[in-house]
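Enquirer: The sequence isn't on hand, but the structure is:
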């Protein structure tokens, strides 16, 4: 699977961005697509994941209600809607894929996009 993330940028606190991840390659019923983020000096952090086949979604608890993950099987894309962004959301956001079912541990994801930078100003 090859992944290409896009949609990052500079936004003021309280603003929104929509990230998109274009996927190419094979998928299966156990394929999950995830979004992670990594702020400077911090470890990579799980944000959300979605089942490619069923659309079932999973979120880090602190991000429920403000971030929304969705997938479009026809377009082979997985989007992450970021609402009410705050300066602490500043990070590089990565999309990733795994054939091993749901996971929130980045070590279980085998394929990664290049990342897209989100910067939130106060």
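Expert: Yep, it's here. If you're wondering where the values come from, they're calculated on a predicted model, not measured in any experiment.

Enquirer: mind checking how far residue 121 is from residue 88?
Expert: Applying C-beta to C-beta, to the nearest Å, the value for residue 121 to residue 88 is 12 Å. Heads up, the C-betas are built off the backbone N, CA and C, glycines and all.

Enquirer: swap in residue 57?
Expert: 22 Å.

Enquirer: next one: residue 58
Expert: Counting by C-beta to C-beta, the gap from residue 58 to residue 88 is 21 Å.

Enquirer: out of residue 57 and residue 88, which sits in the busier spot?
Expert: Neighbours per residue (other C-beta atoms under 10 Å) separate residue 57 from residue 88, with residue 57 holding more: 14 against 10.

Enquirer: show me the contacts for the residue nearest to that one when sequence neighbours are not counted.
Expert: Distances taken as C-beta to C-beta, 6 or more residues apart in numbering put residue 50 closest to residue 57, at 5.0 Å, once the chain neighbours are dropped. By C-beta atoms under 8 Å, 6 or more residues apart in numbering, the contact set of residue 50 is 32, 33, 34, 56, 57, 58, 69, 70, 71, 78.

Enquirer: out of those residues, which are buried?
Expert: 32, 33, 34, 58, 69, 71, 78 (16 or more other C-beta atoms under 10 Å).

Enquirer: who's the nearest residue to residue 8 once chain neighbours are set aside bridged to?
Expert: Among residues not flanking residue 8 along the chain, residue 116 sits closest, at 3.4 Å (C-beta to C-beta, 6+ apart). Here residue 116 sits in beta bridges with residue 93, as judged by DSSP bridges.
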